[in-house]
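Undergrad: whatever this is, show me its structure:
(4 chains)
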There are 2 protein chains.
Amino acid sequence: MNLKQLSHMLQLSQTTVSRALNGYPEVSEETRRRVTDAAKRHGYRPNPSARRLATGKAGMIGYVLPTGASVDIDPHFVEFLSGLGDYARSHELDLVLSPADADDEETTYRRVAANKQVDAVYISAPRPADRRISLVNQLGLPFLVHGRAEGLDFDYPFLDIDNEGAFHEAARLLVQLGHRRIALINGDDGQTFAIFRERGVRRALASAGLALPPERIRSVAMTEENGYRSARSLLEQPEPPTAIACSSLIMALGVVRAVRDLGLAIPGDVSLIAHDDVFPWLRPEHFSVPLSTTRSSIRAAGARIAERLAARISGLEEGARGEIWPVDLVVRGSIAGAAG
Amino acid sequence: MNLKQLSHMLQLSQTTVSRALNGYPEVSEETRRRVTDAAKRHGYRPNPSARRLATGKAGMIGYVLPTGASVDIDPHFVEFLSGLGDYARSHELDLVLSPADADDEETTYRRVAANKQVDAVYISAPRPADRRISLVNQLGLPFLVHGRAEGLDFDYPFLDIDNEGAFHEAARLLVQLGHRRIALINGDDGQTFAIFRERGVRRALASAGLALPPERIRSVAMTEENGYRSARSLLEQPEPPTAIACSSLIMALGVVRAVRDLGLAIPGDVSLIAHDDVFPWLRPEHFSVPLSTTRSSIRAAGARIAERLAARISGLEEGARGEIWPVDLVVRGSIAGAAG
DNA sequence: TAGAGCTCCCAAAGCGCTTTGGCTGACTGC
DNA sequence: GCAGTCAGCCAAAGCGCTTTGGGAGCTCTA
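TA: Here you go, the predicted structure:
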């Protein structure tokens, strides 16, 4: 059933039927009712390809997915996607993943923009002066950034959590508990979230007159193994930290293993706090010693991003609004006062 | 730059230019060269929306993503996606994720098929007589199943790993090591992979005259917590198992925690073997006791599925070919001979 | 040397929508 | 009673491709 058939059956022009269905005012209410009734009864659905060709609107949102043999997609992605999908579903928005060579995402962004395959894209894991943001901005492709860049000479819409505040609070708590040597096992410091977190810890330490020397920072890809290695190398120093802040739960698994391997105890010898993006399959309260965390649901962020993207597509949201979510500090058994 | 402009500039008809570009034989080699040269020089790329409207081909593959507030996307998905994306990239195939109400995926499949938004879909995590497979088959939407169904009255193309064989081998090894009470912590038994795995274990035990009673089986969603709970309940039985086969690495984390909490040791008191889909961020060799596994890269499966999907789209693959991959058995320190 | 059979190319008709630019008839105000 | 409005509808022109149905010119055969 296409528009032609439907309009013929209703003895109306395609114009009128199209307008009736799309809520244009140039059609009487009675006609509109007749049309919508018939459309529903016959299960008419406009062909999206045709509509897209005519309007240039795709009804899809896009994401450029960096891939490559040695590129690992962040496991957080799946949770983010849950939220995004949950919202998108209610709006019949599909998500297009355009795989890109991780070393040349630009080509893919250009293709996506040129093809007008999607109405908007989101960008995740931004770096300080992220080229992708400048690019999509310049290409005129509507977008939203999950996270923040820094040092760009224009404003842009984003959604981020308060990484600096979260790690500031976490570190402040550790300081209050008497810790003087606090270490940070961070994610890849090319990304702004890691920069903000480090900044937060540093600021908290500074206001207690403490430093965060390079030998107490690790910036690594967030795997269990890297958590283990980082923790070992930290704890085997002559003056090991008495507390560790860690950027992910998965790394925290490795930290716990390292602490145990070294014959140390949490929180007796080492206090541990980690950032929790809230995975259903790995919960901080179920660590052998329940883990204190800074918590922010990445799934909720996904849903919100879908919502704002939908709003931007339909013109309800404009401009460069930045949205920063506070982060919960959840104290559990893995932190204690510093020994001695 | 569109076809009209390009053909005008070349003093050729749109027909000829289109045919030259698409490799049709009705055009002389010299003309073809002129055309392709000009196209490249001016960066001409056919508008996919127009092409789609004209041909009905989308150049995209689809996946219906079940979502909902209480629905968790499997973290394996991200690894699968890495492989899929890596291959798809080389063919400029995009992936469309269509979010669906987890309780009513059918509507979404119908929409996807009716809209012809994608040329083919893949279906994952199939159940025995999976309705989705019958549905897409009946809708005439090309598809490929990742996994297998059972008891369907038609053949269909799929890619699966040898779950039964893998768990048969694992259990057989445990039996050879002298274990008599072997337990299985499985995934959700509504899914065929879990059914096959149970069958494999059962068969191995049977040929040694051993049974796999219900009280030594757990079928649960594959989270760390469920691994913990299952292991505890198994090990606190009057006659606890001396060996456990486990369906995922994430659950194995929980098993390890439970064993430790109970003051037991691996492999001294309990041997443990788990299935490993090969995550970059959680490796069996880095468990506190290196974990024996049945191993099969889900990323490789993703790439292969993309490849076959591409082949089906372009007509290179037809029919209902099923492909079953063998699984590696990797022995590490977590298994030992049965005590006593 | 006429007809058949190629090779190359073209004009035009789709694909199924949206949107532009009317057109008609009824209703208003003066 | 007449110009001016306005609500409500329509025909047709896109959107940018692919594909159908030729058709001109050339070579080959009998």
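Undergrad: tell me who's in contact with the closest residue to residue A:131 other than its chain neighbours.
TA: By the measure of CB to CB, 6 or more residues apart in numbering or on different chains, the closest residue to residue A:131 outside its immediate chain neighbours is residue A:106, 7.0 Å from it. Using the backbone N, CA and C atoms, a C-beta is placed for each residue, glycine as well. Listed by CB atoms under 8 Å, 6 or more residues apart in numbering or on different chains, the contact partners of residue A:106 are A:131, A:132, A:135.
Undergrad: how about the residues of chain A by DNA strand C?
TA: For chain A, the residues in contact with DNA strand C (CB under 7 Å from any atom of the strand) are A:2-4, A:14-15, A:18-19, A:21-22, A:26, A:44, A:46-47, A:49-51, A:53-55.
Undergrad: okay, now residue A:199: neighbour count?
TA: 16 (other CB atoms under 10 Å in any protein chain shown).
Undergrad: quick one: which of the contacts of residue A:106 is most hemmed in?
TA: Busiest of those [other CB under 10 Å] is residue A:132, holding 21 neighbours.
Undergrad: for the closest residue to that residue other than its chain neighbours, helix, strand, or coil?
TA: Once flanking residues are discounted, residue A:132 sits nearest to residue A:123: 5.3 Å by CB to CB, 6+ apart. Three-state assignment for residue A:123 (DSSP: H, G, I helix; E, B strand; the rest coil): strand.
Undergrad: do the same with residue A:183
TA: Under three-state DSSP, residue A:183 comes out as strand.
Undergrad: residues contacting it?
TA: Taking CB under 8 Å, 6+ apart, one finds A:216, A:217, A:218, A:234, A:241, A:243, A:244, A:245 in contact with residue A:183.
Undergrad: do you know how far the residue nearest to the third one when sequence neighbours are not counted is from residue A:236?
TA: To tie it back to what came earlier, the one meant is residue A:218. With sequence-adjacent residues excluded and distances taken as CB to CB, 6+ apart, residue A:218 is closest to residue A:230, at 3.9 Å. Residue A:230 sits 11 Å away from residue A:236, taking CB to CB, to the nearest Å as the criterion.
Undergrad: who's more crowded, these two?
TA: Comparing residue A:230 with residue A:236 by other CB under 10 Å, the one with more neighbours is residue A:230, at 24 against 10.
Undergrad: check which helices and strands the helix or strand where that one lies sits against.
TA: Under the criterion of DSSP states H and E, residue A:230 resides in helix A:224-235. Applying 3 or more CB pairs under 8 Å, 6 or more residues apart in numbering or on different chains; DSSP states H and E, we find helix A:224-235 packed against strand A:182-186, strand A:217-219, strand A:243-246, helix A:249-261.
Undergrad: if we go to 7 Å?
TA: Using 3 or more CB pairs under 7 Å, 6 or more residues apart in numbering or on different chains; DSSP states H and E, the elements in contact with helix A:224-235 are strand A:182-186, strand A:243-246, helix A:249-261.
Undergrad: next up, phi/psi of the residue nearest to residue A:131, please.
TA: When read as degrees, to the nearest 10, the backbone of residue A:106 gives phi -60, psi -50.
Undergrad: ok, residue A:53 next?
TA: The phi/psi pair for residue A:53 (degrees, to the nearest 10) is phi -60, psi -40.
Undergrad: ok, it touching residue B:48?
TA: No - counting by CB atoms under 7 Å, residue A:53 does not reach residue B:48; the two are 9.7 Å apart.
Undergrad: of those two, which one has the most company?
TA: Neighbours per residue (other CB under 10 Å) separate residue A:53 from residue B:48, with residue B:48 holding more: 23 against 18.
Undergrad: correct me, but the more buried one touches residue B:59?
TA: Yes - contact criterion CB under 7 Å: residue B:48 and residue B:59 qualify, at 6.2 Å.
Undergrad: number of nearby residues for residue A:120?
TA: Residues near residue A:120, counting by other CB under 10 Å, number 20.
Undergrad: residues in a beta bridge with it, which ones?
TA: Beta-bridge partners for residue A:120, by DSSP bridges, are residue A:61.
Undergrad: for the most centrally placed residue in chain A, grab phi and psi.
TA: The residue lying closest to the centre of chain A (CA atoms, centre = their mean) is residue A:146, at 4.8 Å. Residue A:146 adopts backbone torsions of phi -90, psi 100, taken as degrees, to the nearest 10.
Undergrad: now it: how far from chain B?
TA: 16 Å (CB to the nearest CB, to the nearest Å).
Undergrad: for that residue, which non-adjacent residue is spatially closest?
TA: Per CB to CB, 6+ apart, closest to residue A:146 is residue A:124, 4.4 Å.
Undergrad: related to what we said a few turns ago, for the contacts of residue A:183, which one is nearest residue B:317?
TA: Comparing these against residue B:317 with CB to CB places residue A:218 closest, at 47.1 Å.
Undergrad: and the closest one, what does it touch?
TA: A:185, A:186, A:230, A:234 (CB atoms under 7 Å, 6 or more residues apart in numbering or on different chains).
Undergrad: picking up where we left off before, mind listing what's buried in the helix holding residue A:230?
TA: Neighbour counts using 16 or more other CB atoms under 10 Å in any protein chain shown place A:224, A:225, A:226, A:227, A:228, A:229, A:230, A:231, A:232, A:234, A:235 of helix A:224-235 among the buried residues.
Undergrad: ok, stretch A:68-79 next?
TA: For stretch A:68-79, burial by neighbour count (16+ other CB under 10 Å) applies to A:71, A:72, A:73, A:74, A:75, A:76, A:77, A:78, A:79.
Undergrad: so for it, what's the average pLDDT?
TA: What stretch A:68-79 shows for mean pLDDT is 94.
Undergrad: one more: stretch A:151-166?
TA: For stretch A:151-166, the mean pLDDT works out to 97.
Undergrad: same deal with stretch A:227-245?
TA: Averaged across stretch A:227-245, the pLDDT comes to 98.
Undergrad: with stretch A:181-192 instead?
TA: Over the span of stretch A:181-192, the pLDDT mean works out to 97.
Undergrad: buried sites along that stretch?
TA: Across stretch A:181-192, burial judged by 16+ other CB under 10 Å covers A:181, A:182, A:183, A:184, A:185, A:186, A:187, A:189, A:191, A:192.
Undergrad: so what's residue A:295 bridging to?
TA: Beta-bridge pairing of residue A:295 under DSSP bridges involves residue A:276, residue A:328.
Undergrad: show me where the stretch 51-200 of chain A has strands.
TA: Using DSSP state E, counting those that start in this stretch, the strands assigned to the stretch 51-200 of chain A run over residues A:60-67, A:94-101, A:120-124, A:143-146, A:158-161, A:182-186.
Undergrad: burial-wise, tell me which of those strands comes out on top.
TA: Mean neighbour count, computed with mean count of other CB atoms under 10 Å in any protein chain shown, is highest for strand A:182-186 among the strands of the stretch 51-200 of chain A, reaching a mean of 27.
Undergrad: okay, and for chain A, where does confidence drop off?
TA: Applying pLDDT under 70 to chain A flags the ranges A:340.
Undergrad: okay, now whichever residue of chain A sits closest to DNA strand C: neighbour count?
TA: Nearest residue of chain A to DNA strand C: residue A:3, at 2.6 Å (CB to the nearest atom of the strand). If you count neighbours by other CB under 10 Å, residue A:3 ends up with 18.
Undergrad: for the residue nearest to it when sequence neighbours are not counted, give its distance to residue A:28.
TA: Distances taken as CB to CB, 6+ apart place residue A:14 nearest to residue A:3, at 5.2 Å, with adjacent residues excluded. Going from residue A:14 to residue A:28 by CB to CB gives 17 Å.
Undergrad: do the same with residue A:65
TA: From residue A:65 to residue A:28 the distance is 48 Å (CB to CB).
Undergrad: residues in contact with residue A:182?
TA: So residue A:182 contacts A:171, A:174, A:201, A:205, A:241, A:243, A:245 (CB under 7 Å, 6+ apart).
Undergrad: now residue A:257
TA: Applying CB under 7 Å, 6+ apart to residue A:257 gives the contacts A:228, B:288.
Undergrad: now residue A:203: phi and psi?
TA: Per-residue torsions, residue A:203: phi -60, psi -40 (degrees, to the nearest 10).
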